[in-house]
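Undergrad: just a sequence and a predicted model for now, questions to come.
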Amino acid sequence: MSLHLTPLTDPQPGGSSRRLAWVASDADGIPLGTAYLRLFTREGQQHLAELEITVHDTERRRGVGTRLLDAAVSAARAEGRRSVLAQAEQDSPADLFLAARGFRRVLRLTYARLPLADADLDAIAELARRPHPGYTLTEWDGSVPPELARSYADSRRAMDDMPMEGTDYGTIVWDVERVLAAAEAVAKRGESLHTVAAVSTADGSVVGFSELVVPGDGLGDGQHYGTAVLPEHRGHGLARWMKAASIRRAHERHPALAGLRTDTAESNAPMLAVNDALGYVPTHRAAEYQLDL
């Protein structure tokens with residue numbers, strides 16, 4: 001089969017990465033598949049690239065994916081990257097494709113969904129109202145309030161020991177600028193970011209957070225981003241408390257919202273237990289693959 005690859009470059013690089021892309025087409029110019037290579041540019045992740053390949057169902061097993069993969073890996077090498085990550089749903093064609101081409105499975109993920117129509121919202125509201133001595137909850141939409149910005153940025157280190165198993169993900173260095181840029185990126189997509197944070201009553205510092213992104217029209221499903229608690233404040237039920245408050249607020253503000261989605265490393269037993277206690281139902285599993293360059 002005659003196959004042509006057209007390289008593309010993202011015209012608007014983001015604050016933490018830039019993208020390269022390729023479109024595979026046949027002799028008649030009909031698109032057969034695409035590859036996107038995200039090159040991380042922030043300190044702590046400049047060794048890393050993330051790959052997504054899509055091939056039309058009818059064009060699989062004809063070498064399209066392999067050609068796209070070869071182009072992307074060559075570009076990653078040329079950019080001086082050490083590792084390339086790619087994700088695939090368990091037992092999918094992509095799962096088999098990556099495993100057969102030198103990628104190794106480094107992380108397993110469980111995806112789950114809370115269908116709001118079936119959720120026990122009264123019980124969730126009760127969890128959100130339950131006091132936790134030594135802590136209070138606060139919340140905000142979009143960017144963090146200025147008076148909490150430094151404390152919130154510092155609390156992001158709660159994600160540093162998140163179970164990543166063998167993934168060469170690096171360490172994301174968070175500061176106020178990055179926190180504000182992340183919120184701005186969500187707003188530019190037309191979505192709403194809502195954050196619930198646990199604050200220590202001893203010094204007023206943020207010690208944990210739970211982020212939820214909701215479509216701008218309030219329909220469909222929302223997506224949980226990070227939920228984490230600083231190591232020195234774990235064991236007090238703060239993660240469940242914050243996530244319950246986030247669910248309650250989402251339902252109050254967006255009554256037409258159908259559900260909330262989340263994904264968790266299978267080795268992260270505490271967070272899986274939180275999700276289970278709140279009524280999240282597993283939908284599928286996926287694997288994170290890594291190619292070591």
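TA: Good, I have the coordinates.
Undergrad: C-alpha only now, for contacts and for neighbours.
TA: Fine.
Undergrad: ok, now which ones touch the closest residue in space to residue 216 that isn't next to it in sequence?
TA: Closest residue in space to residue 216, ignoring its immediate chain neighbours: residue 191 at 4.4 Å, by CA to CA, 6 or more residues apart in numbering. By CA atoms under 8 Å, 6 or more residues apart in numbering, the contact list for residue 191 reads 213, 214, 215, 216.
Undergrad: cool, and residue 254?
TA: With CA under 8 Å, 6+ apart, residue 254 has these contacts: 218, 219.
Undergrad: at 10 Å what do you get?
TA: Applying CA atoms under 10 Å, 6 or more residues apart in numbering to residue 254 gives the contacts 214, 215, 217, 218, 219, 222.
Undergrad: show me which pair in those residues is furthest apart.
TA: Spanning the widest gap among those are 217 and 222, at 10.8 Å by CA to CA.
Undergrad: now the residue positioned nearest the centre of the chain, what's its secondary structure?
TA: In the chain, the centroid-proximal residue (CA atoms, centre = their mean) is residue 225; its distance is 5.8 Å. Classification of residue 225 by DSSP: H, G, I helix; E, B strand; the rest coil places it in strand.
Undergrad: now do it against residue 140, distance only.
TA: 15 Å (CA to CA, to the nearest Å).
Undergrad: any weak-confidence spans in the protein?
TA: Residue ranges of the chain with pLDDT under 70: 1, 162-165.
Undergrad: re earlier: which one of the contacts of residue 191 is nearest residue 27?
TA: residue 215 (39.3 Å).
Undergrad: which residues does the closest one contact?
TA: Per CA under 10 Å, 6+ apart, neighbours of residue 215: 186, 189, 190, 191, 192, 193, 221, 222, 223, 254, 257.
Undergrad: just residue 209 next, same as before
TA: Remark: with contacts taken as CA under 10 Å, 6+ apart, residue 209 is in contact with 137-139, 152, 155-156, 158, 195-199, 226-230, 238-239, 242-243, 246.
Undergrad: out of those residues, which end up buried?
TA: Taking 16 or more other CA atoms under 10 Å as the criterion, what is buried in these is 137, 139, 152, 155-156, 158, 195-199, 226-230, 238-239, 242-243, 246.
Undergrad: ok so, going back, pretty sure the residue nearest to the centre of the chain is touching residue 186, no?
TA: No - checked against CA atoms under 10 Å, the pair residue 225 and residue 186 is beyond contact range at 11.3 Å.
Undergrad: so for these two, which residues contact both of them?
TA: Joint contacts of residue 225 and residue 186 (CA under 10 Å, 6+ apart) are 193, 213.
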